[in-house]
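# Coordinates for the following, if possible.
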Amino acid sequence: MPPARSIRSYLDALTNWYVRRSRDRFWAGDRDAFDTLYTVLETLSRVVAPLAPLTAEEVWRGLTGGRSVHLTSWPTAETFGGDLPLVSTMDAVREVCSAALSLRKAKGLRVRLPLRTLTVATPDAAALRPFADLVADEVNVKEVVFSDDVAGQSEQVLTVVPRALGPRLGGQVQAVIKAVKAGDWSLVDGRPVAAGVALREGEYELRLVAADAEHSAPLPGGDGVVVLDTEVTPELAAEGLARDVIRVVQQARREAGLDIADRIALVVEVSDDIATAVRTHQDFVAAETLATSLSFGSAAEPSFTGEAGENAPVKVSVTRT
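As a prediction, this is how the structure comes out:
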């Protein structure tokens, strides 16, 4: 991978995964979280200095107060400890979340709407299972089930490439194609064998197809699938509405210029069904928005307007207490 693309990919993981997933740690003043971020940014500034000299200089000097990043030594991998199995597992966790979120998007199920179950069928189930809570929070499901029974949730579909296979097998290629279409093939040492012929790289395509294609998505690499329970119960719908209102309130807090630790008095102006959902989850809404009081009625000006559910209007006013 070209250096610039590799750095961009790394920054995406840093920003959209580590920093976003560690927001609670930063707000709590977790020293380890800040130390890790400092180390990453300082080291990354030295790495990107030849490619982005002015940006690297600004970031590095802001972090360290030093004279210039261009006078420092090039970082070496030996300086840092490494846990390659953990890195590989976390990459797999991110792929699971990405596949599940893509499936949600395809089904028109907004992320703030909780769902019941996500099933992840993969050979790496044992390694991923300790991160079930993280996946559940990221995908917004009540339960994540990991299973190594990939065959129970999907099947492998083999297709041959005749123009690649023909020159090697000649007339025998028709027998191979017939066997593949009949499902009379097997994997030997990871490669398909049909009609007694071991197929070579480039002569076939092996895909994993989910048994429940409507509610499933393949994992990158073709070695597993995610299956999402897309049934929305009234209880889940109500919680989703409450989460939508929380988002509107958070936007209102930012518009009002409030500090992240400021407590507020919250007034919510919504339809009866959304008000019922918020009342059901009132403690959760108050905790997430730092509201010391929550009332329903006409939102005083200045107010902020947003949406919940299927474009239903939500109007809120927030006052620092």
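# Which residue ranges of this protein form helices?
Assigned by DSSP state H, the chain shows helices spanning 3-13, 20-21, 23-27, 31-48, 53-64, 84-106, 125-128, 132-139, 150-153, 162-169, 173-181, 234-255, 272-280, 282-289.
# what's the distance between the first one and the middle of its chain?
Looking back up the chat, that one is helix 3-13. For helix 3-13, the distance from its own C-alpha centre to the chain's C-alpha centre is 17 Å (Cα atoms, centre = their mean, to the nearest Å).
# what angle separates that helix from helix 31-48?
Inter-element angle recorded for helix 3-13 and helix 31-48: 170 degrees (by axes from the mean of the first three to the mean of the last three Cα atoms, to 10 degrees).
# outside of helix 3-13, which residues touch it?
For helix 3-13, the surrounding residues in contact (Cβ atoms under 8 Å, 6 or more residues apart in numbering) are 1, 44, 47-48, 51, 94. Glycine gets a C-beta too; all of them are placed from N, C-alpha and C.
# 6 Å - rerun?
With Cβ atoms under 6 Å, 6 or more residues apart in numbering as the test, helix 3-13 has contacts from Val48.
# got the buried residues for that helix?
Of the residues in helix 3-13, Ile7 count as buried by neighbour count, 16 or more other Cβ atoms under 10 Å.
# Okay, domains of the chain per the record?
Residue ranges for the structural domains of the chain, counted by automatic domain parsing, are given in the record as 3-79, 84-151+226-230, 162-202, 235-320.
# I'd like those laid out as JSON lines, including distance to Asp212 and mean pLDDT.
Formatted as JSON lines, the domains of the chain follow (distance: least, Cβ to Cβ, whole Å; pLDDT from 0 to 100):
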{"stretch": "domain 3-79", "distance to Asp212": "28", "mean pLDDT": "92"}
{"stretch": "domain 84-151+226-230", "distance to Asp212": "6", "mean pLDDT": "93"}
{"stretch": "domain 162-202", "distance to Asp212": "20", "mean pLDDT": "83"}
{"stretch": "domain 235-320", "distance to Asp212": "20", "mean pLDDT": "92"}
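# how far is stretch 69-77 from where the chain is centred?
33 Å.
# do the same with stretch 195-212
The chain centre lies 29 Å from the centre of stretch 195-212; the measure is Cα atoms, centre = their mean.
# List the contacts of that stretch.
Stretch 195-212 is touched from outside by 153-161, 164-165, 175-176, 179, 191-192, 216, 218, 222, 225, with contacts defined as Cβ under 6 Å, 6+ apart.
# for stretch 24-33, same thing?
Residues outside stretch 24-33 that contact it (Cβ under 6 Å, 6+ apart) are Ser22.
# Between the two ends of it, how far is it?
One end of stretch 24-33 sits 10 Å from the other (Cα to Cα, to the nearest Å).
# same check, this time on stretch 39-58
16 Å.
# What residues sit buried inside it?
Buried residues in stretch 39-58, counted by 16+ other Cβ under 10 Å: 40, 42, 44-49, 56.
# can you check stretch 281-293 too?
When neighbours are counted by 16+ other Cβ under 10 Å, the buried residues of stretch 281-293 are found to be 281, 285-286, 288-291.
# so what's Gly66 up against?
Here Gly66 is in contact with no residues (criterion: Cβ under 6 Å, 6+ apart).
# do that again at 7 Å, thanks
Going by Cβ atoms under 7 Å, 6 or more residues apart in numbering, Gly66 touches Trp60.
# Could you report the distance from it to Glu42?
From Gly66 over to Glu42 the distance is 10 Å, taken as Cβ to Cβ, to the nearest Å.
# next one: Glu78
Counting by Cβ to Cβ, the gap from Glu78 to Glu42 is 17 Å.
# returning to what we had before: got the domains of the chain as TSV, with distance to Ala210 columns?
Listed next are the domains of the chain as TSV, based on distance: least, Cβ to Cβ, whole Å:
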stretch	distance to Ala210
domain 3-79	26
domain 84-151+226-230	7
domain 162-202	17
domain 235-320	23
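# Find the centremost residue of the chain, please.
The residue lying closest to the centre of the chain (Cα atoms, centre = their mean) is Cys97, at 3.8 Å.
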